[in-house]
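> Got a predicted structure plus its sequence, pasted below:
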Amino acid sequence: DVKVTQSSRYLVKRTGEKVFLECVQDMDHENMFWYRQDPGLGLRLIYFSYDVKMKEKGDIPEGYSVSREKKERFSLILESASTNQTSMYLCASSLSPQAYEQYFGPGTRLTVT
Amino acid sequence: DAKTTQPPSMDCAEGRAANLPCNHSTISGNEYVYWYRQIHSQGPQYIIHGLKNNETNEMASLIITEDRKSSTLILPHATLRDTAVYYCIVRVAHTDKLIFGTGTRLQVFP
């Protein structure tokens, strides 16, 4: 079975802190994605990556950056956390650009105080 | 913006078929319809997808209207473990982007 793991289930950070959210997949997938999920807004795509060192902006990239130095790992970075970045963050991966299925991790609930 | 419209909530009795509707009136000819679900405290899980023909797998059936402007996900014998939020998604053509809306919260009751 494909496994997508995220470094933390719950995280509490202070305003202005730099925050790293880590995601690892174990199935050699090419594509990886970061979403955030907020009540009433559904899931929104932040960034995605088709290959190592490649990244593409999603629908809401402002305030975020990403890093993909290894194929299995995709990191989401909040350079200076703000309270409006309090959210559930979900990582996903898919085999290739032509693959139909995205596999999601369990999510990280981030609270910025 | 999401390209799909779903009812916010539905109920279904255990053992009965759950029929979840979705409108996607602006879908393009080469865009697929996907269904995912999200059980509480978990990440979304892929269920099924289709282009224009009806599809069936071990989890569900997908019925797409001939004009492709709407579809229905059918869970033939709903169980309590099917209680979840169900998302109908149109895949953006030539990309890997899935645009999630707010979904339908399905409650299966005993």
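Now that the structure is in, tell me what you want to look at.

> Can you classify the residue of chain B found nearest chain A by secondary structure?
Per C-beta to the nearest C-beta, residue B:43 is where chain B lies closest to chain A, at 2.9 Å. Just so you know, the C-beta spots here come from the backbone N, C-alpha and C atoms, and that holds for glycine as well. Under DSSP: H, G, I helix; E, B strand; the rest coil, residue B:43 falls in the coil class.

> Now it: closest residue in space, sequence neighbours ignored.
Leaving aside its chain neighbours, residue B:43 sits nearest to residue A:104 (2.9 Å; criterion: C-beta to C-beta, 6 or more residues apart in numbering or on different chains).

> pLDDT wise, what is the one you found at?
pLDDT recorded at residue A:104 is 94.

> just to revisit the earlier point, what is the burial count for the residue of chain B closest to chain A?
Using other C-beta atoms under 10 Å in any protein chain shown, residue B:43 has 22 other residues around it.

> residue contacts, it?
A:4, A:90, A:92, A:104-107 (C-beta atoms under 8 Å, 6 or more residues apart in numbering or on different chains).

> Just the ones of those residues in strands?
Among these, the members falling in strands (DSSP state E) are A:4, A:90, A:92, A:104.

> Do you have the strands of chain B handy? List them.
Under DSSP E, chain B gives strands at B:9-13, B:18-23, B:33-38, B:45-50, B:55-56, B:61-64, B:70-75, B:84-90, B:104-109.

> need these in a markdown table with distance to chain A, mean pLDDT and mean neighbour count, can you?
Converted to a markdown table, the strands of chain B look like this (distance: least, C-beta to the nearest C-beta, whole Å; pLDDT from 0 to 100; neighbours: other C-beta atoms under 10 Å in any protein chain shown):
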| stretch | distance to chain A | mean pLDDT | mean neighbour count |
| --- | --- | --- | --- |
| strand B:9-13 | 13 | 97 | 14 |
| strand B:18-23 | 14 | 97 | 19 |
| strand B:33-38 | 7 | 94 | 24 |
| strand B:45-50 | 4 | 93 | 18 |
| strand B:55-56 | 11 | 96 | 15 |
| strand B:61-64 | 12 | 97 | 19 |
| strand B:70-75 | 15 | 97 | 20 |
| strand B:84-90 | 7 | 94 | 24 |
| strand B:104-109 | 12 | 97 | 17 |
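
> As CSV, those with distance to residue A:48 would be great.
Shown next, in CSV, are the strands of chain B (distance: least, C-beta to C-beta, whole Å):
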stretch, distance to residue A:48
strand B:9-13, 30
strand B:18-23, 24
strand B:33-38, 16
strand B:45-50, 17
strand B:55-56, 26
strand B:61-64, 25
strand B:70-75, 25
strand B:84-90, 15
strand B:104-109, 26
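
> Could you check how far the nearest residue to residue B:35 once chain neighbours are set aside is from residue B:59?
Spatial nearest neighbour of residue B:35, chain neighbours left out: residue B:47 (4.3 Å); criterion: C-beta to C-beta, 6+ apart. In this view, residue B:47 and residue B:59 are 5 Å apart by C-beta to C-beta, to the nearest Å.

> ok, now residue B:97?
Distance from residue B:97 to residue B:59, by C-beta to C-beta: 23 Å.

> Thank you kindly, that will do.
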